[in-house]
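Novice: sequence-free structure coming up:
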């Protein structure tokens, strides 16, 4: 896969982060939520630009990263206030067409033991939040199940053995990948998944 068609999560941010931007319980939830919403809009814009120029792009994380604050909230690791602020800024970005659902997601549905074995086999990365990621993994799967409820063909709950295939590319872009109505539908699906 050509590197110029891959957008990595580790891309440097556009500007300095507010204090506590990496905290799960930030002291200023509004400032941190706004910062991350703007970063996600920037990543989304970069991905769309690459896709427009080259036909498609692969992101190693979903630029619609609201799942982070939601999974922390539903597992009791963050506050309702932080979740609500993140949701408000993201909703506005959807309404403005500056952020949207990805056209295709590959979700690696791995159990905790497999994740721990992978960590142990890779001493090159510290992964200081690894146990927290294992804790929020069921909520993250719920997030993508809600996304799949909107269009099942666009969420695949395994990594493809041979990479992105022609059948995946043929899906093209979502007919409606952004907008207030789509955001509201997704939030409703998410709430239904959470409470069922």
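Specialist: Structure received. A quick note: this is a predicted structure, and the numbers were derived from the prediction, not measured.

Novice: residue boundaries of the helices in the chain?
Specialist: For the chain, the helices defined by DSSP state H cover 29-54, 67-74, 80-95, 112-120, 130-150, 166-169, 180-195.

Novice: can you redo those as a markdown table with mean pLDDT?
Specialist: Below are the helices of the chain laid out as a markdown table (pLDDT from 0 to 100):
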| stretch | mean pLDDT |
| --- | --- |
| helix 29-54 | 93 |
| helix 67-74 | 96 |
| helix 80-95 | 97 |
| helix 112-120 | 84 |
| helix 130-150 | 93 |
| helix 166-169 | 87 |
| helix 180-195 | 93 |
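
Novice: Mind checking the ones you listed for the one nearest to residue 14?
Specialist: helix 29-54 (5.5 Å; CB to CB). In this view, the C-beta of every residue, glycine as well, is placed from N, C-alpha and C.

Novice: Can you give me the neighbour number for residue 60?
Specialist: Neighbour count for residue 60, taken as other CB atoms under 10 Å: 10.

Novice: surely it meets residue 6?
Specialist: Yes - counting by CB atoms under 8 Å, residue 60 does reach residue 6; the two are 7.0 Å apart.

Novice: rewinding a little: and among the helices of the chain, the most buried is which?
Specialist: Highest mean neighbour count among the helices of the chain (mean count of other CB atoms under 10 Å): helix 67-74, with a mean of 21.

Novice: Now find how far off-centre that one is within its chain.
Specialist: The chain centre lies 11 Å from the centre of helix 67-74; the measure is CA atoms, centre = their mean, to the nearest Å.
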